[in-house]
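Enquirer: Any chance you can model this:
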Amino acid sequence: MVLKDTIKAVIFDFGNVIINIDLEKTYEAFAELTFKSPNKIKALFAESDVFRKYESGFYSDEEFRDVIRQVLSYPLNDQEIDKAWNALLLNVPKNRIEFLEQLKYKYPIYLLSNTNNIHIEKCMQYFRQSHGINNFQNLFSETFLSYKMGLWKPDYRIYDKVLSEINLKPEEVLFIDDNQENIIAAQDLRINCIKINPPECFTEILNHIF
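Expert: Numbers count the residues shown, from 1 in each chain. Got it, this is the predicted structure:
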């Protein structure tokens, strides 16, 4: 049970919390390009640890694309890679944006996301075209992006870094994420947590708290 009176800030995950995503669509998109099955693509990505490495800043965008070509053993061009990589990004319901804009007047709100530059650039474009928002990061008091931090959830250090930056104790923060491992790690540090189970929406849950 999260007690409203103890919360001084809210930290949001991005994928499947703010923006709807579907990882399978990226596997399917690469499968269509390379004539491999989506399950094979998924296995190759897991074996090479491509998500964690790219999203913790281990690769530049150019290096990442080269790794994709090597992992898939297929001569994809940059545009094909970016389009397939971004296929997992879906939409952001307007009510979520409106809720964030209202909540920001009451509490500092932060974004903590395992993400990468190619996805962020695509999201910038999406928010401009679909919601008229030039920089979606301005919806938050501050954003903490894994590829810029060199850290990746559920590493305890990423949570410690965020708490240090915002100068709050774990029990003063509410963290919202859709990944069970990320939630467990945050709870280990005594952070208040709510796990989102898509298509569940955080707006309905937070309305009951705030």
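Enquirer: CA atoms for contacts and neighbours, from now on please.
Expert: OK.
Enquirer: Alpha carbons only: can I get the lengthiest helix in the chain in PDB?
Expert: For the chain, the helix reaching the highest residue count under DSSP state H is reported as helix 117-131. The C-alpha trace of helix 117-131 is given here as PDB (Å, rounded to 0.1, in the frame of the first residue of the first chain):
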ATOM      1  CA  ASN A 117      19.300   7.000 -29.100                       C
ATOM      2  CA  ILE A 118      17.500   5.500 -32.100                       C
ATOM      3  CA  HIS A 119      14.300   4.900 -30.100                       C
ATOM      4  CA  ILE A 120      14.500   8.400 -28.500                       C
ATOM      5  CA  GLU A 121      14.900  10.100 -31.800                       C
ATOM      6  CA  LYS A 122      11.900   8.200 -33.200                       C
ATOM      7  CA  CYS A 123       9.900   9.100 -30.100                       C
ATOM      8  CA  MET A 124      10.800  12.800 -30.500                       C
ATOM      9  CA  GLN A 125       9.400  12.600 -34.000                       C
ATOM     10  CA  TYR A 126       6.300  10.800 -32.900                       C
ATOM     11  CA  PHE A 127       5.500  13.300 -30.100                       C
ATOM     12  CA  ARG A 128       5.900  16.200 -32.500                       C
ATOM     13  CA  GLN A 129       3.700  14.700 -35.200                       C
ATOM     14  CA  SER A 130       1.000  13.100 -33.100                       C
ATOM     15  CA  HIS A 131       0.800  15.400 -30.000                       C
END
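Enquirer: and it, how far from the chain's centre?
Expert: 13 Å (CA atoms, centre = their mean, to the nearest Å).
Enquirer: Let me see the mean pLDDT of that helix.
Expert: The average pLDDT for helix 117-131 rounds to 98.
Enquirer: and what of stretch 57-70?
Expert: For stretch 57-70, mean pLDDT rounds to 98.
Enquirer: Show me the helices in the chain, by range?
Expert: So, for the chain - with DSSP H - the helices run 23-34, 38-48, 50-55, 61-72, 78-85, 94-103, 117-131, 146-149, 156-166, 180-188, 202-209.
Enquirer: Contacts for the longest helix of the chain next, please.
Expert: Helix 117-131 has contacts (CA atoms under 8 Å, 6 or more residues apart in numbering) with Asp61, Asp82, Trp85, Asn86, Leu89, Lys94, Ile133, Asn134, Asn135, Phe136, Tyr147.
Enquirer: same question, stretch 149-157
Expert: Contacts of stretch 149-157 from elsewhere in the structure, counted by CA under 8 Å, 6+ apart, are 52, 55-58, 113-114, 146, 158-159, 181-183, 185-186, 189.
Enquirer: if you set the cut-off to 10 Å instead, what comes out?
Expert: Outside stretch 149-157, the residues that touch it by CA atoms under 10 Å, 6 or more residues apart in numbering are 51-58, 112-115, 144-146, 158-159, 161-163, 179-186, 188-189.
Enquirer: Can I get the buried part of these as one ChimeraX selection?
Expert: ChimeraX command restricting those to the buried ones, with burial defined by 16 or more other CA atoms under 10 Å:
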select :52,53,54,55,56,57,112,113,114,115,144,145,146,158,159,162,163,179,182,183,185,186
